[in-house]
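K.L.:
Sequence below, structure please.
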Amino acid sequence: MSRSKGNYFEDKAVSFLSSNGYTIIERNFYAKKIGEIDIIASKNSVYHFIEIKSGETFEAVYNITPAKLSKLKRSVEYYIQIKKLNVDYCIDAIIFAGEELEYLDNITL
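P.N.:
Residues are numbered from 1 along each chain as shown. Predicted coordinates for the structure are as follows:
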């Protein structure tokens, strides 16, 4: 995904999250040599680490491979460690099919 296209969908995701009661904490957090977390948000004292994917269909969800999920988990652990957080958290995904959005809560279950 190009950076401008990525920013476009991240902006749409932030708007969706904000309108649904989430507080945006950070965007595009880079964990050294591990990976990136697209959006970090909180709601009801739970941190949500959110991966954004887009495509023509909701099959873009399949771009979240086991390897990608492993890197994402390590990035989340790194974030929690360097921020010295003691919080409940989950890893979520927002998938765009064209302009349509689907929110997937806690994709690591």
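
K.L.:
Please count neighbours and contacts with C-alpha atoms only from this point.
P.N.:
OK.

K.L.:
List the contacts of the residue of the chain positioned farthest from its centre.
P.N.:
The C-alpha centroid of the chain is most remote from Lys84, which lies 19.9 Å away (C-alpha atoms, centre = their mean). If a contact means C-alpha atoms under 8 Å, 6 or more residues apart in numbering, then Lys84 has no contacts.

K.L.:
Next one: it relative to Val76, how far apart?
P.N.:
12 Å (C-alpha to C-alpha, to the nearest Å).

K.L.:
if we can go back for a sec, can you tell me how far the residue farthest from the centre of the chain sits from Ile39?
P.N.:
Distance, Lys84 to Ile39, by C-alpha to C-alpha: 18 Å.

K.L.:
try Tyr79
P.N.:
Taking C-alpha to C-alpha, one finds Tyr79 at 12 Å from Ile39.

K.L.:
When the two are compared, which one has more neighbours?
P.N.:
Between Tyr79 and Ile39, counted using other C-alpha atoms under 10 Å, the more crowded position is Ile39 (23 against 19).

K.L.:
show me what contacts that one?
P.N.:
Ile39 makes contact with 10, 14, 24-29, 49-51, according to C-alpha under 8 Å, 6+ apart.

K.L.:
Please identify the buried residues of the helix or strand containing Phe9?
P.N.:
Using DSSP states H and E, Phe9 sits within helix 3-19. Buried residues in helix 3-19, counting neighbours by 16 or more other C-alpha atoms under 10 Å, are found at 9-10, 13-14, 17.
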